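**Q** fold the following for me, if possible:
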Amino acid sequence: MRRINLKTIQDFSLSLRGERAGVRVDINLSPSPSSPPTRGGERLACLNFIGNSRGLSVLFLVIAMMLMVAIGYVLSYLIPTKQKSVALTISSNQTLFLAQSGVEFAVRYATDQGWSTTLQLNGLDGMTKNLGNGSIILDYDELNDRLISRGQIPNVSERRIVVSNFTSFLMGITYFGSASTPVDYGSNSANPTAITPPGGMRAGDLVLMIAQARANAGALDISNAGGQSWTSENQQNQTNCRLRLFWCRFNGAWSANPTVSFGSSACNTIVMHVFRPSNTSSVWQVDVPQVSGNYASPPAPRTVTIPGITTITDGALVFATWASTDDNTWGSLTAGWSTPGSDQYRNRAGADSSQTHAYKIMATAGASGNVSKNQATLGGDAGAYLIIAFKAVII
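**A** Predicted coordinates:
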């Protein structure tokens, strides 16, 4: 029979007794004051230390401090790296903005120089311009009509923008000149009526010809094309006011002054307005079909409003016409619109008539907004109106 008796752990004393065949063995594990600690004693001391709440707190504190040191080290490494990456991102964006500025500069410079063909645009090739702390370098590929704009900053990799079909971005439309029969406040009743175009026209110009008759019957048609190919828009008829728009792309030469037949010889007016594209290698197309209508005698302040249209193409030309049954003067044009030629074109033949016009270049396609003018004198008189949009397409 074997007995084990565990005594007094507090003083590290352990007594183990065993009996076998009449032999008794006592083993005392209590260390003597003078003897060195045994391995068993070391284990017990360690267990006692871990079991002690203060010792455990010290251990956790040491571990926490080691983690904080490790985190501090990582942060000290990451912060400078992040600062370097931010600087690289800023520089990269700057070079991109420089490249974009290069495209805008190329468009403006070519337009100012009147360059529209690929041969002329070779003048952009190799052009360099300093801007801020960087520079712009332009390369033009005549064969593929492609512009490459490179933005550069010292010690930073460059960014580039490639613009295909570059000539298509150079299209702009400007008002050139006007003519009329008769002149404002003149008199004309001839049928047909001829008009002398403004001088200095160039091939590719857009020619708008607006015919008006103060009559209740009769079709308005081109009777002499003057060597041009005209498109006739729908005629708008109102009591004592018949209105029609004709337009063409000028081919570079008039064979004769164009004429319009009116079907009556009472009070006939033709007004011609010419608009010029920045790129003469283009054709003209309708961007928004004509919208026309009649209006009643307007009450004071005699405002006549034409509903706006929505263009499809950037840079389109919106053109509007008002016609009335008296020799009215016109004013108070809606802001953002311009009047080509004279403020109005009055015809004092017969019972009188008047017409006036406005245009707007839509840099960005969208709603033109309504456009209004007032019958400043001799109003209000009923009449007709039309509005249409054109675009120039490079060929």
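
**Q** who's in contact with whichever strand or helix holds Val283?
**A** Under the criterion of DSSP states H and E, Val283 resides in strand 282-295. Identification of contacts with strand 282-295 by Cβ atoms under 8 Å, 6 or more residues apart in numbering yields 171, 204, 206, 233-234, 236, 238, 241, 243, 245, 247, 249, 277, 304, 307, 309-313, 316-318, 382-395. Where you see a C-beta, it was placed from the backbone N, CA and C, and this is true even at glycine.

**Q** quick one: strands adjacent to that strand?
**A** Its sheet considered, strand 282-295 pairs with strand 383-394 (antiparallel) by DSSP bridges.

**Q** can you give me the helices for this structure?
**A** Listed in chain order, the helices of the chain (DSSP state H) span 39-51, 53-113, 118-121.

**Q** which of the residues in the shortest one are buried?
**A** Buried positions in helix 118-121, judged by neighbour count with 16 or more other Cβ atoms under 10 Å: 118, 121.

**Q** quick one: contacts of it?
**A** Here helix 118-121 makes contact (Cβ under 8 Å, 6+ apart) with 110, 113-115, 140, 142, 145, 147, 166-167.

**Q** so for it, mean pLDDT?
**A** Across helix 118-121, pLDDT averages out at 86.

**Q** centre of the chain to that helix, how far?
**A** Taking the mean of its C-alpha atoms, helix 118-121 sits 26 Å from the chain's own mean (Cα atoms, centre = their mean, to the nearest Å).

**Q** same question, stretch 233-242
**A** The answer for stretch 233-242 is 38 Å, by Cα atoms, centre = their mean.

**Q** just stretch 305-315 next, same as before
**A** Worked out by Cα atoms, centre = their mean, stretch 305-315 lies 17 Å from the chain centre.

**Q** which outside residues touch that stretch?
**A** Outside stretch 305-315, the residues that touch it by Cβ under 8 Å, 6+ apart are 171-173, 287-288, 291, 318, 320, 322, 361-372, 385, 387-389, 391-392.

**Q** I would like a ChimeraX command selecting only the buried ones among those, please.
**A** Applied in ChimeraX, the following selects the buried portion of the contacts of stretch 305-315 according to 16+ other Cβ under 10 Å:
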select :171,172,173,287,288,291,318,320,322,361,362,365,368,369,371,372,385,387,388,389,391,392
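
**Q** what distance do you get for Thr181 to Val271?
**A** Going from Thr181 to Val271 by Cβ to Cβ, to the nearest Å gives 8 Å.

**Q** what does Leu208 give?
**A** For Leu208, the distance to Val271 - Cβ to Cβ - is 8 Å.

**Q** before we move on, what about Thr280?
**A** Relative to Val271, and taking Cβ to Cβ, Thr280 is found at 24 Å.

**Q** of these two, which one has the most company?
**A** Val271 (25 against 17; other Cβ atoms under 10 Å).

**Q** and stretch 318-335, what's buried?
**A** Buried, per 16+ other Cβ under 10 Å, within stretch 318-335: 318-330, 333-334.
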